[in-house]
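**Student:** A structural model of the following input is requested.
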Amino acid sequence: MGEVVWINGRVWPRDEARISVYDHGFLYGDSIYETVRTSRGRPFLLDRHLARLRSSAAAIRLALDRDDAGYRHAIQETLAAGGNPESALRVVVTRGVGDIGYAHRLCPAPSTLIYARPLRPIRDPALRQGVRVAILDVLRNDRRAVSPAIKSGNLLNNILGAFEAESKGADEGIMLNRGGQVTEGTMTNVFMVKSGVIRTPPPEAGLLPGITRGFVLELARAAGMPVEEAPFGPGELRAADEAFLTGTTRGVLAIVAVDGTPVADGRPGPITLRLTGLFDTAEDRLAERAGPQAG
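**Tutor:** Residues are numbered from 1 along each chain as shown. As a prediction, this is how the structure comes out:
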């Protein structure tokens, strides 16, 4: 198993991967990205990730230099070079190499990087016991400034939140907006359950609508489970009957404590467990439909 990086058409071992110090992704965080994982060796929900990559590119006025087929080919090259049973991929597109400055004309072409590393299975029983979260003092970026709906490489807001969560002994930090409403985790989306109703903050609260978040919402609605995209505060999260996170490399992950206080009995709840099962079944069905991985 290995870690490799595809850079502008060539795959490099991790320790040999290099990019210019004048790349604007390095200089300014002027980049977008997607995290994708494999399922049975194939990229999972890749169409949705590529669509969001294009949406992020449009939002920062970044002209991509390849179509979806080009990204798919590059991803397959990277996966083959890594040789891992399952991989986590990070697809990064930067503004490119150019002189120091902000002018659009300084970077004639974007840089594309695809990182591949071994993935810990999301069905690991240790992970599915649940995680502890903390409500953070670090606020989520206002969507009128750097919108969280853009999956940007400028991640200092998330990093500071993750540092705070770590200092509080939590596995994940929950970020609020300026109105005191829950938005999302530093790397995940947030759900709560009260009186049988599943609730998650709406995009207007100031969050990145995750690919896994959307997939879980579809599964819940198809199963006839009551779902709301509606704001809620940290007090409501603490008082929830159940709560859980969603993310590309985590799937559906129960929250068992908020700020050190157990959620209900401190174990994954029945609705969370049902959604986890629905998610696993849907993933298996998609993998079977796709067939065996070539090569």
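
**Student:** show me the contacts for the nearest residue to Val138 once chain neighbours are set aside.
**Tutor:** Distance criterion Cβ to Cβ, 6 or more residues apart in numbering; nearest residue to Val138, sequence neighbours excluded, is Gly161 at 4.4 Å. C-beta coordinates here come from the backbone N, C-alpha and C atoms, glycine included. Counting by Cβ atoms under 8 Å, 6 or more residues apart in numbering, Gly161 makes contact with Leu136, Val138, Gly173, Met175, Thr186.

**Student:** Of those, just say which sits nearest to Ser39.
**Tutor:** Thr186 (24.2 Å; Cβ to Cβ).

**Student:** Against Ala103, how distant is the closest one?
**Tutor:** Distance from Thr186 to Ala103, counting by Cβ to Cβ, to the nearest Å: 32 Å.

**Student:** Settle it for me: which of the two has more neighbours?
**Tutor:** More crowded of Thr186 and Ala103, by other Cβ atoms under 10 Å: Thr186, with 23 against 8.

**Student:** Show me the strands in the stretch 151-295 of the chain, by range?
**Tutor:** 172-176, 182-185, 189-194, 197-200, 227-229, 242-247, 251-258, 261-262 (DSSP state E, counting those that start in this stretch).

**Student:** As CSV, the ones you listed with mean pLDDT would be great.
**Tutor:** CSV is the format used below for these (pLDDT from 0 to 100):
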stretch, mean pLDDT
strand 172-176, 98
strand 182-185, 98
strand 189-194, 98
strand 197-200, 98
strand 227-229, 98
strand 242-247, 98
strand 251-258, 98
strand 261-262, 98
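
**Student:** What helix or strand is Ala63 located in?
**Tutor:** For Ala63, there is no enclosing helix or strand under DSSP states H and E.

**Student:** which non-adjacent residue is nearest it?
**Tutor:** Nearest in space to Ala63, with sequence neighbours left out and distances taken as Cβ to Cβ, 6+ apart, is Pro110 at 7.0 Å.

**Student:** again with Lys168
**Tutor:** Once flanking residues are discounted, Lys168 sits nearest to Ala134: 4.2 Å by Cβ to Cβ, 6+ apart.

**Student:** these two touch, right, the one you found and Met175?
**Tutor:** No. The criterion here is Cβ atoms under 8 Å, and Ala134 misses it with Met175 at 10.4 Å.

**Student:** Give the residue from the two that has the larger number of neighbours.
**Tutor:** Met175 (26 against 21).

**Student:** neighbours of Val36, just the number please.
**Tutor:** By other Cβ under 10 Å, the residues close to Val36 number 25.

**Student:** Now do the SS call for it.
**Tutor:** strand (DSSP: H, G, I helix; E, B strand; the rest coil).

**Student:** Could you do Val11 as well?
**Tutor:** strand.

**Student:** And it, how far from Leu64?
**Tutor:** Distance from Val11 to Leu64, by Cβ to Cβ: 20 Å.

**Student:** in the one helix or strand Ala74 maps to, what counts as buried?
**Tutor:** Using DSSP H and E, Ala74 sits within helix 68-82. For helix 68-82, the neighbour count (16 or more other Cβ atoms under 10 Å) marks Tyr71, Ala74, Ile75, Glu77, Thr78, Leu79, Ala81, Gly82 as buried.

**Student:** who's in contact with that helix?
**Tutor:** Residues from elsewhere that reach helix 68-82 (Cβ under 8 Å, 6+ apart): 1-6, 9, 11, 36, 38, 41, 43, 46-47, 50, 53, 66, 87, 89, 91, 112, 114-118, 295.

**Student:** Just the ones in strands from these, please.
**Tutor:** Among those, DSSP state E puts 4-6, 11, 36, 38, 43, 87, 89, 91, 112, 114-118 in strands.

**Student:** Mind giving me the PyMOL command for buried ones among these?
**Tutor:** Buried subset of the ones in strands among the contacts of helix 68-82, written as a PyMOL selection, criterion 16+ other Cβ under 10 Å:
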select buried, resi 4+5+6+11+36+38+43+87+89+91+112+114+115+116+117
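
**Student:** ok, which pair from the ones in strands among the contacts of helix 68-82 is furthest apart?
**Tutor:** Of all pairs in the ones in strands among the contacts of helix 68-82, the most separated under Cβ to Cβ is Thr112 and Pro118 at 21.9 Å.
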